[in-house]
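Engineer: With the input below, show me the fold.
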Amino acid sequence: MSRIFGYAKIDTKITPPYLINVAAQPPLNFRQNRSVMSIEPKGKYTNSALRVGDKDTYPQRRVGEFIGTVVANDVVNDEYRHLVLDVHEHALKAYAGQMFHLLCPSPDGAEVWMRRPMSVYRVNREKGQVEFLYKVEGRGTRGIATLRPGDDFNLAGPLGSGFKLQPEWKNIVVLGRGVGLATLAPLSQLAADHGVGVTAILSARNAGVLMSKQLFEDLGARTITVLDSDNTSAVENVEKILEALIAEGKADAFFTCGSNRLLKLMQRLGKKHNIPGQVAMEQIMVCGFGACYVCMRTFEVDGKRVLKRVCRDGPVFNMQEAVAW
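Structural biologist: Next up is the predicted model:
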């Protein structure tokens, strides 16, 4: 007998490796068996996390725990940093729109209790690296900012449901603001891999905090910059840009992240011109895989308001179903 769960086909006759027949196990003497889940002296990592080169004894799993090695953690501007990690090959299965749950070091000596969810900025499979672009703001990201090349860094994932491209889409429009551009950047990589044209509209307060322009262009995207400082980021101006792209036949689908007003604009134009779209939602999370229900948000599906878990059902959703916050 077999059953389908998500993407995996599970044979129910076989006991999965993560299930144990407790009745068949001898009593566990914890004092004598502390090495079963040993803790490294300074890393506070269990021995289940995979480092680069480790043998993966359960390769069919979709999510894993990894210990990456910091390659770089460079300052991008006054607010953002770019983290590059060497990781186990299993972590390289992450795709555009997915995220990892990061175990942040302490910035001040006090424990950082919860992991922090962070979307993937880039997956470099040739070098065996994953990259993150993050804003230094709370205790978690301040802790990440203390990492130096050669340091270990624990991450779990890849988590969530990411972006999807339909075969009939030949040109897409990506509209992001602030750190939302970090989430959208790998979408351009996905599009380039499938021969899909990308127009990326990059929004920021000013040129000094504008990000990802070079990465988008390196992947073949056409970029348009809109800023608060010169008022080009005004909704009315962005609407004119989008209408022009629609008229040129360059907008088979919309994608956005990072701004409520830009989401509502794309929803309105999507309904007007019958253009499908996807949005990557930002939300506070705790567990990262759907057990705690902390990240619930409201969506409108077939005229009804429903609650969905951003970490498990998303973080990427049908744009027209998202309820602006």
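
Engineer: For the rest of this, base every contact and every neighbour count on C-alpha atoms.
Structural biologist: Noted.

Engineer: Please work out which residues outside the longest strand seen in the chain touch it.
Structural biologist: Assignment by DSSP state E gives strand 64-75 as the longest strand of the chain. By CA atoms under 8 Å, 6 or more residues apart in numbering, the residues outside strand 64-75 that reach it are 48-52, 81-88, 90-91, 145, 147-158.

Engineer: From residue 51, how far off is the residue most central in space within the chain?
Structural biologist: In the chain, the C-alpha nearest the mean C-alpha coordinate belongs to residue 119, at 2.3 Å (CA atoms, centre = their mean). For residue 119, the distance to residue 51 (CA to CA, to the nearest Å) stands at 21 Å.

Engineer: Also residue 127?
Structural biologist: On the measure of CA to CA, residue 127 and residue 51 end up 15 Å apart.

Engineer: Specify which residue of the two has the higher count of neighbours.
Structural biologist: residue 51 (20 against 10; other CA atoms under 10 Å).

Engineer: pLDDT score for residue 314?
Structural biologist: For residue 314, the pLDDT comes out at 88.

Engineer: Starting from residue 182, give me the distance back to it.
Structural biologist: 16 Å.

Engineer: These two: which has the busier surroundings?
Structural biologist: Each of residue 314 and residue 182 has its neighbours counted (other CA under 10 Å); residue 182 has more, 26 against 21.

Engineer: Pull up the gap between residue 284 and residue 293, please.
Structural biologist: The gap separating residue 284 from residue 293 is 11 Å, by CA to CA.

Engineer: Kindly report the same for residue 83.
Structural biologist: Using CA to CA, we find residue 83 at a distance of 29 Å from residue 293.

Engineer: of these two, who's got more company?
Structural biologist: Using other CA under 10 Å, the more surrounded residue of residue 83 and residue 293 is residue 83, with 22 against 18.

Engineer: I'd say the more buried one and residue 136 touch.
Structural biologist: No. At 11.7 Å, residue 83 does not count as touching residue 136 under the criterion of CA atoms under 8 Å.
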